[in-house]
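Student: how would this look folded up:
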Amino acid sequence: MNASPHRAWVVAFWGYIALLASISLSAYLRLLPRDTGLLSLPHVDHVLHFVLLGTASFLSHRALGGRRIRARSRCLRLPLGPSIVGAASIADECFQALVPSRTFDLLDMASNVSGVLLFGLLAEWLIRRSVSRPSLSARSPSPPSPPPGERADPPAP
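Tutor: Below is the predicted model:
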């Protein structure tokens with residue numbers, strides 16, 4: 001099976017979304033232990049929000065090939081994947097205010113948005129870098145160098 005690099009990003013993104021959905025569902029069902037283990041450490045929750053949503057932003061931007069949408073002003077073009085991930089994370093955090101078993105936390109939201117922005121910028125940088133640098137296989141072979149002492153160009157008549 002010879003999958004294209006783009007297809008690999010799409011598969012990675014949807015697999016990661018499934019993982020995030022299972023984590024979120026576990027949190028809503030109160031299946032995540034908060035008083036023991038890793039989650040009991042101070043601020044680990046915010047670090048996890050930053051990394052988990054940041055990774056979703058990164059994968060979405062790569063899976064969509066850096067696709068952008070025009071903002072209201074028409075002069076600003078926002079990255080589609082990170083914009084969707086960011087909006088979904090804000091909506092989820094706001095929804096938590098309506099659920100008795102969950103709590104709304106502005107620091108969680110700030111961690112989500114910070115991760116989305118930073119990892120989205122990283123994905124954009126990598127996309128631009130790969131576009132500006134052709135891959136090794138795409139480069140044309142350079143002509144062999146002449147032996148020492150010989151001129152590369154023949155003398156003009």
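Student: Now do the SS call for Ile69.
Tutor: Under DSSP: H, G, I helix; E, B strand; the rest coil, Ile69 falls in the strand class.
Student: Phe104 now?
Tutor: At Phe104 the chain is in coil, as set by three-state DSSP.
Student: Quick check: which ranges of this structure have low pLDDT?
Tutor: Counting by pLDDT under 70, the ranges of the chain that qualify are 1-3, 134-157.
Student: Show me the helices in it, by range?
Tutor: Secondary structure of the chain, counting by DSSP state H: helices at 5-28, 44-63, 80-95, 106-132.
Student: Point out the one among the ones you listed that comes closest to Ile69.
Tutor: Comparison of the helices of the chain against Ile69 by Cβ to Cβ identifies helix 80-95 as nearest, at 5.1 Å. The C-beta positions use only the backbone N, C-alpha and C, and glycine is treated the same way.
Student: The closest one versus helix 106-132: what angle between them?
Tutor: When axes from the mean of the first three to the mean of the last three Cα atoms, to 10 degrees is applied, the directions of helix 80-95 and helix 106-132 differ by 170 degrees.
Student: what's in contact with helix 80-95?
Tutor: The contact list for helix 80-95 (Cβ atoms under 8 Å, 6 or more residues apart in numbering) reads 13, 24, 53, 56-57, 59-64, 67-69, 104-105, 108-109, 112-113, 116-117, 119-120, 123.
Student: And for stretch 30-42?
Tutor: Residues outside stretch 30-42 that contact it (Cβ under 8 Å, 6+ apart) are Ile23, Ser26, Val44, Asp45, Ser101.
Student: Same question for stretch 46-63.
Tutor: Applying Cβ under 8 Å, 6+ apart, the contact partners of stretch 46-63 are 6, 9-10, 12-14, 16-17, 20, 23, 79-82, 84-86, 89, 107-108, 111-112, 114-120, 122-124, 126-127.
Student: Put the buried members of those into a ChimeraX selection.
Tutor: To isolate the buried subset of these in ChimeraX, counting by 16 or more other Cβ atoms under 10 Å, use the following:
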select :9,10,13,16,17,20,79,80,81,82,84,85,86,89,108,111,112,115,116,119,120,123,124
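Student: Sweet, I'm off.
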